[in-house]
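K.L.:
Here's a sequence, model it:
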Amino acid sequence: MLKALAGICLLHLTTIFFLFWATIDDAWWFTRTLYTDLWGRWVMENNDDVWVYMDIPTSYRKDYLQAVQAFAVLSCLFAVFSLCVFIFQLFTLGKGKRFTISGVIQLISCFCIMVALSVYTDHFHRGEKDGWYGWSYIMAWFGWLLTLFTGIMYIVLRKRVD
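P.N.:
Numbering: from 1, shown residues only. Predicted structure coming up:
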């Protein structure tokens, strides 16, 4: 049972790592001369391999961008809170009880990152044909998948005492 709990905690920590990595890092959208994330844009100047930080362009609707930023940060916070609740429940739940509260909080985290990714996908870079989504964007989708998996697993999981 201890190995299973260690594996569950490791999976949850991996999920948190993916969510934080995707939210903080700078690789959501790439072209040959720029890359962008949720917080800024880097542009190559004069093709001399010097990257310069710039603000997000005004063509991006600020309300959508702030929604993506907020939901990505909320997803990270709910995932951390869910892990804390899971550890707390390990010591307080009776035998045979389900980890429902930590599972629901994890599913809220899943919902938050899904909203952030959906808004980003729908409202940004629609007309840009020469770019591609970066690995931070892909890590956010892996984070979504892991939060969904761990949330469902916590709801189904029962505490056993051997």
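
K.L.:
Now do the contacts for the residue nearest to residue 57 when sequence neighbours are not counted.
P.N.:
Setting aside the residues directly before and after it, residue 57 is nearest to residue 41 in space (Cβ to Cβ, 6 or more residues apart in numbering), at 6.9 Å. In this view, the C-beta of every residue, glycine as well, is placed from N, C-alpha and C. Contacts for residue 41 (Cβ atoms under 8 Å, 6 or more residues apart in numbering) come out as 34, 35, 53, 54, 55, 56, 57.

K.L.:
Packing partners of the one helix or strand the third one maps to?
P.N.:
Yep, that's residue 53 we're talking about. Per DSSP states H and E: residue 53 is located in strand 50-54. Contact analysis of strand 50-54 by 3 or more Cβ pairs under 8 Å, 6 or more residues apart in numbering; DSSP states H and E lists strand 41-45 as its packing neighbours.

K.L.:
Could you tell me which ranges of this protein sit under the pLDDT cut-off?
P.N.:
Residue ranges of the chain with pLDDT under 70: 1, 47, 159-162.

K.L.:
cutoff 50 now
P.N.:
Applying pLDDT under 50 to the chain flags no residue at all.

K.L.:
Just the strands from it, written as ranges.
P.N.:
29-30, 34-36, 41-45, 50-54, 132-133 (DSSP state E).

K.L.:
Just list the residues touching residue 75, thanks.
P.N.:
19, 23, 109, 110, 112, 113, 116, 143, 147.

K.L.:
Taking those residues, tell me the two that lie furthest apart.
P.N.:
23 and 110 (14.4 Å; Cβ to Cβ).

K.L.:
Look up the closest residue to the most centrally placed residue in the chain, ignoring the ones flanking it.
P.N.:
Among the residues of the chain, the one closest to the centroid is residue 19, at 3.0 Å (Cα atoms, centre = their mean). The shortest distance from residue 19 to any non-neighbouring residue, by Cβ to Cβ, 6+ apart, is to residue 143 (4.2 Å).

K.L.:
Residue 144 now?
P.N.:
Going by Cβ to Cβ, 6+ apart, residue 144 has residue 113 as its nearest residue, at 4.8 Å.

K.L.:
Based on its surroundings, how many neighbours for the one you found?
P.N.:
Counted with other Cβ atoms under 10 Å, the neighbours of residue 113 add up to 29.
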